[in-house]
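**Q** Fold the following, please.
(2 chains)
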Amino acid sequence: MSELKTSTVEVNGFPCRVWTKGNGPTLGFLAGLGGLPRWLPFLDRLAEQRTVIAPSLPGYPGATGHTELDTHLDWVLAVRQLIDKSGLAGADLLGASVGGAFAAEMAAIFPAHVRKLCLIAPFGLFDDKEPAADPWAQRRDNLPGLMCADGAKWTALVAPPDGANSVEWPIEMTRASEAAARAFWPLGNTRLQKRLGLIAAPTLILWGERDAVLPPAYAKKFAAGINGSTKVQTVADAGHLAYLDQPDAVARAVLAHFA
Amino acid sequence: MKLMWFHLMPYTELPDDFNKKHPSVWVDIHSSLFDPRRAHHMYNDFMDELEYAAECGFDAVCVNEHHSNGYGLMPSPNLIASSLARRTTDTALCVMGNSLALYNPPTRVAEEFAMIDCISGGRLIAGFPVGSPMDTCYAYGQNPSSLRERYYEAHDLVKKAWTEKETFAFSGRFNQQRYVNIWPRPIQNDPHPPIWIPGGGSIETWRWCAEMDYVYCYLSYYGYKAGLTTMQGFWNEMAKLGKDRNPYRAGFLQFVGVAESRQQALDLYSEPAEYFYGRCLHVDPRFALPPGYTTEATQRAGIEGMMTKAANLANPSTKAALKATNMKDIVDGGYVLIGSPDEVVEQVRHVGTSLNVGHLMLLLQYGNMSKDVTKYNTRLFAEKVIPKVMDLFSDWEDKWWPKPMAKGQRAAVPAFSPQLAAE
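**A** A predicted model of the protein is given here:
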């Protein structure tokens, strides 16, 4: 397996970090809430078989420029530029949580850009009979348990690494939350429902069975709306960010789908 | 100095076990706690109190905007202000204010404020708050990441709507209108009604107020001791920007309870003060900090400690957990000024001079204070305190006060006489 490479691309004149690791056919990853403040064991599992390219969406760790994006169209076009500039056009695309909503948009609006699609508990829909939780109105202590079945996994994701700037690190973590809010406030509903029918790519939908943010029942709504072949799989002992809770199980499912 | 009488309009009958049984006074406070028939009396009492304050000779009466809030029953302060415009004659009407980003289109604010200014003969002070996280982001669903940009754009639009003589098109980032041409237009048109900005302790807001020549108001519930650092920061920034120390550049909120003696004041005002600081500021901390509401510059300053606690002070919910809820600590902390008239005179003069604020906004009703006690507090302050503090800052000109029509030119408002109407 190759070493982790860091590069930067510009979207609307703002830098976005792109992480690349592994060998084999390209696989793009758009991360969920919190983004990628650090490289993950989950991505190492994927990189054993694939060249993993993980671009940071505007405002998430390693990237800025979210404050220029005022409408959903602005966001979709920013993600499209990011996909193109990081060499992911036409590749398999994996997106989780907030990143999942944008992965679905790419497959719907730019079908030639996505070979196969995998969504892990994607944002984008809201059902008032089964309302999603509000990730931006949580007491500090409750947040880890909301994000992961094992809250310690979230805490480890956002903990400052040795040598991190003690002023800038917490601001960067808040910025990631702001970027998510900017695109998905207040309900997470981007009216993606209207565009699911445009998705023709074969799609795997993964959902942590203990997702406390988005009810696992939303998986069926995605499967019913998507036009291409779909498969739904729940992940045992996993919460909203299932790839943090169960990196091996999620990586196995993803690799099998993209094989 | 100007003495202004401010009403929050708190719901006065939150149950004794409110804090135990309910997570928050704001945003998701339960509807079962609201009795509209009791609120009928509360609103009428509160409006009586505001009118009484005007009769007693306060320079202004002040109202403000809150949403889904058990201590602030004015989603629309403009409704109250329009009534006050008819039931008062010379008192300034300070609407503190309309949260600009919540109005679609924002020209609604330009129109309603112009109506109040016309009805009142030019007595309006136009307050433009960004609005608290609870009001704007949670109760009204505004995006915290774009709230300030929307606020500034709405401000530009409202100001242009007031001052531009021709119908114009506005092509903004968030607002597009082909025909902006408000009717009515404000009486105060040289160039527009005075604009006051209630804000937290951010340097950006101070600089903006200085640049625009607006009054900056620090509306903390925690009194002059806690407010000192913020106001010092404000004046230091004014000095850096080359602005004078005219105390009328600033406004400050202060709770007061005056009685014949300090002991009598404690007897009268402990219950309503403890009701306010206990129940009314019981805000669920999950509604404190929507991401993006606080600018990165302010976050950075807060983390670096350069601004001490100024940014956090603006946030009642994070403070409530730390702050006093019993009368001794409330008084010791300076949240509420307590005492005999002479003791209050001394404290008010100290607040004015130490903070250098020319516009003192007084909360003389708070919590579950009854109308009788409120009127007593108001009358005693007007009769025994105002005459001994009004001379403060008399060598400065208040350039930010309303300029109404001359008295002889204003409409005579007939006395209200429902008995006659019924005959």
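
**Q** Surely A:G95 is within a helix?
**A** No. Counting by DSSP: H, G, I helix; E, B strand; the rest coil, A:G95 falls outside a helix, being strand.

**Q** ok, and the closest non-adjacent residue to it?
**A** Nearest residue to A:G95, sequence neighbours excluded (CB to CB, 6 or more residues apart in numbering or on different chains): A:A103, at 2.7 Å. Glycine gets a C-beta too; all of them are placed from N, C-alpha and C.

**Q** and the spatially closest residue to B:E271 that is not a sequence neighbour, how far is that from B:H359?
**A** Excluding the flanking residues, the one nearest B:E271 by CB to CB, 6+ apart is B:N368, at 7.0 Å. To B:H359, B:N368 is 27 Å away according to CB to CB, to the nearest Å.

**Q** what about those two, which has more around it?
**A** Legend: neighbour count by other CB atoms under 10 Å in any protein chain shown for B:N368 and B:H359, higher for B:H359 (29 against 19).

**Q** Angles on the backbone of the more buried one, please.
**A** With angles defined as degrees, to the nearest 10, B:H359 sits at phi -110, psi 100.

**Q** Surely it and B:F58 touch.
**A** No. The pair B:H359 and B:F58 does not pass the contact test of CB atoms under 8 Å, sitting 11.8 Å apart.

**Q** Poorly predicted segments of the chain, please.
**A** Here I'm looking at chain A. Applying pLDDT under 70 to chain A flags residues A:1.

**Q** hm, I was asking about chain B
**A** For chain B, the ranges with pLDDT under 70 are B:306-322, B:416, B:418-423.

**Q** Now do the strands in it.
**A** Here chain B has its strands, by DSSP state E, at B:2-6, B:60-63, B:92-95, B:124-127, B:168-171, B:176-180, B:195-198, B:215-218, B:250-258, B:336-339, B:359-363.

**Q** what's the closest of these to chain A?
**A** strand B:176-180 (12.3 Å; CB to the nearest CB).

**Q** From the contact counts, what lies against the closest one?
**A** Applying 3 or more CB pairs under 8 Å, 6 or more residues apart in numbering or on different chains; DSSP states H and E, we find strand B:176-180 packed against helix B:147-163, strand B:168-171.

**Q** For chain A, which of these is the nearest?
**A** It is, among the helices and strands packed on strand B:176-180 and with distance given as CB to the nearest CB, helix B:147-163, at 7.8 Å.

**Q** Which strands or helices does that closest one pack on?
**A** Counting contacts by 3+ CB pairs under 8 Å, 6+ apart, helix B:147-163 is packed against helix B:107-120, strand B:168-171, strand B:176-180.

**Q** Pull the residues that contact stretch B:381-396.
**A** Residues outside stretch B:381-396 that contact it (CB atoms under 8 Å, 6 or more residues apart in numbering or on different chains) are B:1, B:3, B:53, B:56-58, B:246-248, B:256, B:258, B:341-342, B:344-345, B:348-349, B:352-353, B:358, B:362, B:364.

**Q** Show me which positions of the lengthiest helix in chain B end up buried.
**A** Identified as the longest helix of chain B according to DSSP state H is helix B:36-56. Neighbour counts using 16 or more other CB atoms under 10 Å in any protein chain shown place B:39, B:42-43, B:45-47, B:49-54, B:56 of helix B:36-56 among the buried residues.

**Q** Let me know the angle separating it from strand B:359-363.
**A** On the basis of axes from the mean of the first three to the mean of the last three CA atoms, to 10 degrees, helix B:36-56 is oriented at 140 degrees to strand B:359-363.
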